[in-house]
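>>> I'll drop the sequence and a predicted model, then ask my questions.
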Amino acid sequence: MLGKLWASAAELASKTPPNRNRTIDLLRALSILTVVLGHWLMAAPWMEDGEVRGGHLLEAAPWFHWLTWIAQVMPVFFFVGGYSNGVTWDAARRDGLSYGAWLDARMRRLMLPVLGLIGFWAVAGFAASLGGVSSAKIMTASRIAMLPTWFLAVYFGVVMLAPAMREAWRRFGVATVALPLALAALADVAFFRWDLRAVGWLNYLFVWLGVHQLGFAWLDGRWRSRALQAALVVGGLVLLVWMTRFGPWPISLVGVPGQDVSNTTPPHLPLLALAAVQFGAVRLAEPILERLLERRGPWTATVLTNGMIMTVFLWHSTAMMLLFGLALLLGGVGLHTEPASGIWWWVRLGWLGVFSLGLSVFVAFLARFERPAPASAPAAHPARQVAGIALACGGIAILVLAGVGEEGAVARDLCALGLPFVGARLAGYSGR
């Protein structure tokens with residue numbers, strides 16, 4: 001089967017247009033695979049005296065907080081997304097397509113696979129409850145499994161704004177990067193100095209929209225100077241060290257259970273410093289990466305990976321939680337070592353192999369749905385699409401924060417599970 005997949009990817013790779021930026025495709029695949037590996041390492045449940053303890057690597061190994069500066073790759077995904085959204089919007093303008101038609105084409109590919117994951121956990125949560133699994137375990141498992149979708153809820157909003165921000169970039173240039181960054185700084189001041197915590201949540205828009213704008217700069221060939229790119233790396237790194245050493249921001253660039261402040265929930269300024277480092281670094285490395293991807297093998301591997309990357313992203317946590325559950329049913333096999341101990345790392349290597357096998361089952365059955373069939377009817381009015389996307393994002397946000405299965409929260413669960421389906425239907429992404 002793998003040989004057939006490789007042959008199909010090789011055929012597709014051979015048809016790549018000469019002007020395609022292959023580095024963008026590579027970065028998309030690598031950033032998602034890094035997220036997957038990070039999640040598979042961070043979750044560290046273990047058994048002690050016959051009881052299951054919910055462990056987390058960042059709690060057990062504070063020294064690992066520094067390594068999150070490498071593992072946190074969401075800025076890469078957002079500026080890569082900006083590049084891709086810019087390419088497709090420019091093409092839509094040349095072809096005379098409307099905003100509604102463009103949004104429909106972008107969002108159907110993103111939203112429909114998410115509905116499959118949500119539907120799975122609706123059924124799995126109900127079945128587990130009938131099977132006697134405690135509500136606390138169902139809630140924990142579903143929250144972790146749904147965690148990857150927080151990014152999509154934010155990204156959906158950024159995609160809706162992408163055409164307007166692309167036109168703003170054409171007119172105002174770097175100011176469209178500076179303004180979101182300035183607003184993010186003001187939101188952080190409100191969050192830390194004035195204790196207006198609710199204002200900090202606006203940074204989900206300000207931070208990620210500002211990073212997304214960097215993709216337009218890349219697309220238009222701006223900031224080609226090697227000196228400037230190197231300055232972004234060095235300057236961003238200096239700022240990152242200064243912020244986490246002398247400011248109110250923690251060292252870890254991903255959330256740590258029990259920590260009062262997280263750099264990601266909501267996003268804070270260190271993520272912008274990291275974005276500068278990563279943007280400068282990939283622009284510096286672009287010529288080397290392009291030469292590498294001119295070779296048939298690396299480019300075919302990139303095409304193959306991107307053909308299933310959405311499935312990998314959405315289902316990797318579900319595969320992990322189901323396999324942890326199976327291990328508990330078998331007496332806690334593989335879960336009797338304390339997280340971050342010497343032997344734990346060797347055991348976790350084995351778990352990574354098991355997770356990969358489990359995920360491969362989902363990929364084998366679900367990757368084919370990553371590219372839905374063309375819509376059989378015209379795109380819905382943009383207002384309907386925006387309203388539908390907003391409903392879907394609301395449901396996803398509830399699922400990420402609360403999961404399903406909490407005792408006495410049936411109405412909330414039904415609302416959270418139903419909103420994405422209602423939103424997709426309203427937007428015209430399903431049933432067409």
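That came through, no problem. Residues are numbered from 1 along each chain as shown.
>>> need phi/psi at Val52.
phi -90, psi 130 (degrees, to the nearest 10).
>>> in the longest helix anywhere in the chain, which residues are buried?
What stands out as the longest helix in the chain, according to DSSP state H, is helix 99-130. Using 16 or more other C-beta atoms under 10 Å as the test for burial, helix 99-130 gives 99-104, 106-108, 110-115, 117-118, 120-122, 124-125, 128. All C-beta spots, glycine's among them, are computed from the backbone N, C-alpha and C.
>>> what residues sit buried inside the helix or strand following it?
Downstream of helix 99-130, the next assigned helix or strand under DSSP states H and E is helix 135-146. For helix 135-146, burial by neighbour count (16+ other C-beta under 10 Å) applies to Ser135, Lys137, Ile138, Met139, Thr140, Ala141, Ser142, Arg143, Ile144, Ala145, Met146.
>>> on that earlier part again, for the longest helix of the chain, packing partners?
Judged by 3 or more C-beta pairs under 8 Å, 6 or more residues apart in numbering; DSSP states H and E, the packing partners of helix 99-130 are helix 74-95, helix 135-146, helix 149-172, helix 309-329, helix 382-402, helix 410-427.
>>> who's in contact with the residue nearest the centre of the chain?
Nearest to the mean C-alpha position of the chain, by C-alpha atoms, centre = their mean, lies Phe151 at 4.3 Å. By C-beta atoms under 8 Å, 6 or more residues apart in numbering, Phe151 lies in contact with Met74, Phe77.
>>> need phi/psi at Ser8.
Per degrees, to the nearest 10, the backbone of Ser8 is at phi -60, psi -40.
>>> pLDDT wise, what is it at?
At Ser8, the pLDDT value in this model is 85.
>>> tally of neighbours for it?
14 (other C-beta atoms under 10 Å).
>>> any idea how far it lies from Ala184?
Per C-beta to C-beta, to the nearest Å, Ser8 is found 43 Å from Ala184.
>>> pLDDT below threshold where in the stretch 251-400 of the chain?
372-376 (pLDDT under 70).
>>> before we move on, the earlier item: including distance to Met42 and pLDDT, could the buried residues of helix 135-146 go into JSON lines?
Below are those laid out as JSON lines (distance: C-beta to C-beta, whole Å; pLDDT from 0 to 100):
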{"residue": "Ser135", "distance to Met42": "24", "pLDDT": "88"}
{"residue": "Lys137", "distance to Met42": "19", "pLDDT": "85"}
{"residue": "Ile138", "distance to Met42": "20", "pLDDT": "88"}
{"residue": "Met139", "distance to Met42": "18", "pLDDT": "90"}
{"residue": "Thr140", "distance to Met42": "14", "pLDDT": "87"}
{"residue": "Ala141", "distance to Met42": "15", "pLDDT": "88"}
{"residue": "Ser142", "distance to Met42": "17", "pLDDT": "91"}
{"residue": "Arg143", "distance to Met42": "14", "pLDDT": "90"}
{"residue": "Ile144", "distance to Met42": "10", "pLDDT": "89"}
{"residue": "Ala145", "distance to Met42": "14", "pLDDT": "90"}
{"residue": "Met146", "distance to Met42": "15", "pLDDT": "91"}
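>>> among the residues you listed, which one lies nearest to His336?
For the buried residues of helix 135-146, the closest approach to His336 (C-beta to C-beta) belongs to Lys137, at 18.5 Å.
>>> Provide the secondary structure category for Pro257.
Classification of Pro257 by DSSP: H, G, I helix; E, B strand; the rest coil places it in coil.
>>> which non-adjacent residue is nearest it?
Spatial nearest neighbour of Pro257, excluding adjacent residues (C-beta to C-beta, 6 or more residues apart in numbering): His56 at 5.0 Å.
>>> now do the longest helix of the chain: distance to the chain's middle.
15 Å (C-alpha atoms, centre = their mean, to the nearest Å).
>>> what's the angle between it and helix 135-146?
150 degrees (axes from the mean of the first three to the mean of the last three C-alpha atoms, to 10 degrees).
>>> helix 99-130 versus helix 149-172: what angle between them?
170 degrees.
>>> angle of helix 99-130 against helix 410-427?
Going by the same axes, to 10 degrees, helix 99-130 makes 150 degrees with helix 410-427.
>>> so Val386 makes contact with Met160?
Yes: checked against C-beta atoms under 8 Å, the pair Val386 and Met160 is within contact range at 6.0 Å.
>>> contacting residues for Ile398?
Arg412, Cys415, Ala416, Leu419.
>>> any quick PyMOL command for the buried ones out of the residues you listed?
The buried residues among those can be selected in PyMOL (16+ other C-beta under 10 Å) with this line:
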select buried, resi 416+419
